[in-house]
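K.L.:
Only the shape, not the letters, is given here:
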Ligand code: FES
C-alpha cells in the first residue's frame, strides 16, 4: 500500500466524496487546495485507493488549469491569454504583472510568494481581462488594477 506524508489529507478528501471514483475531479481539487499542489506520490495513493489507473489520475491532474502537479507560490496567479481577454487589454495586463512580479510564466518569485501561469480561459470571458489568484477571480482588469490587487496580498 502506498502512503505519503499527505495520507491524512487523502483520507479526508476520499471520505468527503464517499470514495466515489466519479468524484475524482473534486477529490483532486480538494487535495490541491489542502496541499498546494498534487505531488506524484499523492496521485499514486489516490489511484490505488480509488482503483483507478495512475495514468488516468495523472491525466485529470494535468488537464484542469485549477490543478497543478508542481509546487506553486503562496499566491498562484493565473492569467488568461486567449483572444476575448486579449482584445480588451489582456496583453497590457500580462506585461504589467510580469514586470511587477519580475517573473515569467511558469516561474515562482524567489521568496516563494507568487507563481505565474498562463491559461487559455478562466470561464468568465465577458469580464476580461481576467486573472485568478488561488481560487479568487478578478475581472475587468487594467494594468493598474492588477498591480493594486497583487500589491495588497
Ligand atoms: S477568454 Fe479570458 S476568461 Fe475566457
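P.N.:
Cool, got the structure. Predicted, not measured: the structure shown is a model, and the values here were computed from it.
K.L.:
Which phi and psi values does the residue positioned nearest the centre of the chain adopt?
P.N.:
Centroid-nearest residue in the chain, with CA atoms, centre = their mean: residue 66, separated by 3.6 Å. For residue 66, the backbone dihedrals (degrees, to the nearest 10) come out as phi -80, psi 0.
K.L.:
Tell me how far it lies from residue 102.
P.N.:
25 Å (CB to CB, to the nearest Å). Yep, even glycine has a C-beta here, placed from its N, CA and C like the rest.
K.L.:
Same check on residue 18?
P.N.:
44 Å.
K.L.:
still on that earlier bit, just the element for the residue lying closest to the residue nearest to the centre of the chain once chain neighbours are set aside, please.
P.N.:
Nearest non-adjacent residue to residue 66, counting by CB to CB, 6 or more residues apart in numbering: residue 29, 6.4 Å away. In the assignment (DSSP states H and E), residue 29 maps to helix 24-35.
K.L.:
Report the angle between the helix or strand just after that helix and helix 24-35.
P.N.:
The helix or strand immediately downstream of helix 24-35 is helix 40-50, counting by DSSP H and E. Interaxial angle, helix 40-50 versus helix 24-35 (axes from the mean of the first three to the mean of the last three CA atoms, to 10 degrees): 140 degrees.
K.L.:
and stretch 15-29, which residues are buried?
P.N.:
Buried residues in stretch 15-29, defined by neighbour count with 16 or more other CB atoms under 10 Å: 17, 21, 23, 24, 27, 28, 29.
K.L.:
Assumed residue 58 was part of a helix.
P.N.:
Yes: according to DSSP: H, G, I helix; E, B strand; the rest coil, the state of residue 58 is that of a helix.
K.L.:
pLDDT at the residue nearest to residue 66, what is it?
P.N.:
In this prediction, residue 29 carries a pLDDT score of 94.
K.L.:
is it true that residue 7 touches residue 45?
P.N.:
Yes: Residue 7 lies in contact with residue 45 (CB atoms under 8 Å); the separation is 6.7 Å.
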